[in-house]
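> Sequence first, predicted model second:
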Amino acid sequence: MNKKIFIGFLLILLFIIVSGASYFFKGNHISEEMYYKGRSENWEVTTKILEQGKNNYENTTIIEYIGNGEIPKEISWKLEGNRFGTGGSNILNDGKLTKIEQLRDIEITLKEQYFITVEWNNNYKEDIIIYLEDH
């Protein structure tokens, strides 16, 4: 009876190991995070690119108004990445925008800096360089 229990235990353990390896090698693991940050006279921008498997990423962009004037209600923005881009026209919430999006079937390579453009109130525009940070 003890031998049957031992064999059953080994089979269950083997199944768990194979399932975990399959999950990992199919690209369902989280393997790398890249953080970028930059600021201008009126804006602070943070971007986190989280690898979620082969050629799949989650991109979180935070744009916050730090200027002295009246807080804009809406902005247009564009982030130019290495083989990817994102942006849009968005309403700010207390001077801040947080956008989380999935980037699928693209390849992002590590780059030291990216560029983002922010436009607001139909006549203001700033170009911001965001730099790779160590985390």
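Noted; the coordinates are in hand. Bear in mind that the values here come from a model prediction, so they are computed numbers and not experimental data.
> check which helix or strand covers the spatially most central residue of the chain.
By C-alpha atoms, centre = their mean, the chain has its centre lying nearest to Asn59, at 2.2 Å. Using DSSP states H and E, Asn59 sits in strand 56-65.
> any idea which helix or strand carries Met129?
No Met there; residue 129 is Ile. Per DSSP H and E: strand 124-133 holds Ile129.
> That strand: which residues count as buried?
Neighbour counts over strand 124-133 (16 or more other C-beta atoms under 10 Å) mark Glu126, Ile128, Ile130, Leu132 as buried. (Glycine included, C-beta is placed from N, CA and C.)
> Just list whatever residues bridge to the second one.
The residues listed as beta-bridge partners of Ile128 by DSSP bridges are Ile116.
> Surely it and Val118 touch.
Yes: Ile128 is in contact with Val118 according to C-beta atoms under 8 Å; the separation is 6.7 Å.
> what's the overlap in contacts for the two?
Common contacts of Ile128 and Val118, defined by C-beta atoms under 8 Å, 6 or more residues apart in numbering, comprise Ser40, Trp43, Val45.
> Strands - which of those residues land there?
Among the shared contacts of Ile128 and Val118, the ones falling in strands (DSSP state E) are Trp43, Val45.
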